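> have a look at this prediction, sequence included:
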Amino acid sequence: MGLPTAILFDLDDTLISAHLHPRAAWTTALETLGGLPDDPAAADAAITIHTAAKWYWSDAERHRIGRLDILAARRAILTRAFAEMGWSEDADLIERLGRHFTEQRTRDTKLFPDAVETLEGLAARGVRLGLITNGNAVDQRAKVDRFDLARHFFHVQIEGEVGFGKPEERAYAHALEKLGTSVTETWIIGDNLDWEVIVPQRLGFYAIWRDPIGKGLPDGSEAKPDRIVTRLTELLEA
């Protein structure tokens, strides 16, 4: 199969990543913040927080609200985790830990090593590139600017700037309109099986799942990506 006219890229955990193991990131945040309750439960706090986070992000409406206000989402996650551990609802500690984790995540965020090589290689082959990312306008635009990504894309679409995001059908339609291509001419790639595989396939996209650590599809997954890539440069082998 040859390359398409255009490719839509997701941003987080597709082109850039802060951490691929969230529980380990919470462990680091807890160890470096200090001031936690002197309680045996503290040893398992990262597991409890990670479980609360999975619960929070599993709901589509919570996800939509939370990704537009990430600090509020982390307050909700930590409040739930503290309650499960039997800790008092210490608003100051919850706020400090949520901000500490967010700052740590920002520091740790980096481009995947082959991201620029892949984007430049595709552009050199005449592929029109678009970026479509969910999240609030300030944070997502800061990532685009920090890694000088806009220069690679014909169109950059941020949920918080346009007012809608994946998996809303109008998000994909708007991106196609800006790219000037049809769905049958355009591939989409990302790490979210709902946003970059299931919904796009229903709309007619060729959908590629980005699996950066080679973990494979989750057990029982209904998603059937048209292609799975671990390295971004695999796209250049099309």
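In hand now; what should we look at? Numbering: from 1, shown residues only.

> quick one: find the helix or strand in this protein with the lowest mean pLDDT.
When each helix and strand of the chain is scored by mean pLDDT, DSSP states H and E, helix 22-33 comes last, with a mean of 88.

> buried sites along it?
Buried residues in helix 22-33, defined by neighbour count with 16 or more other CB atoms under 10 Å: Pro22, Ala25, Trp26, Thr27, Ala29, Leu30. The C-beta positions use only the backbone N, C-alpha and C, and glycine is treated the same way.

> who are the packing partners of the longest helix along the chain?
The longest helix of the chain (DSSP state H) is helix 91-108. Here helix 91-108 touches helix 22-33, helix 70-85, going by 3 or more CB pairs under 8 Å, 6 or more residues apart in numbering; DSSP states H and E.

> show me the domain layout of the chain.
Following the assignment in automatic domain parsing, the chain carries domains at 6-17+111-237, 22-108.

> before we move on, back to that, quick check: of the buried residues of helix 22-33, which lies closest to Asp10?
Pro22 (17.4 Å; CB to CB).

> give me the number of residues near the closest residue to the closest one other than its chain neighbours?
Of all residues not flanking Pro22 in the chain, His50 sits nearest, at 5.8 Å (CB to CB, 6 or more residues apart in numbering). Around His50 there are 19 other residues, counting by other CB atoms under 10 Å.

> how about the contacts made by Pro228?
Not quite, residue 228 is Ile, not Pro. Ile228 is in contact with Ile208, Trp209, Asp211, Leu217, counting by CB atoms under 8 Å, 6 or more residues apart in numbering.

> next one: phi and psi at it?
Backbone torsions of Ile228, given as degrees, to the nearest 10, read phi -120, psi 130.

> tell me if I'm right that Thr133 and Leu15 touch.
No: contact criterion CB atoms under 8 Å: Thr133 and Leu15 do not qualify, at 9.1 Å.

> other residues contacting the longest helix of the chain?
So helix 91-108 is contacted by 18-19, 25-26, 28-30, 32-33, 35-36, 70-71, 74-75, 78-79, 82 (CB under 8 Å, 6+ apart).

> hang on, the earlier thing: can you redo the helices and strands packed on helix 91-108 as a markdown table with distance to Gln157?
Shown next, in a markdown table, are these (distance: least, CB to CB, whole Å):
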| stretch | distance to Gln157 |
| --- | --- |
| helix 22-33 | 25 |
| helix 70-85 | 19 |
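
> now the strands for the chain?
Per DSSP state E, the chain carries strands over the ranges 6-9, 16-17, 110-111, 128-133, 155-158, 186-190, 206-210, 227-229.
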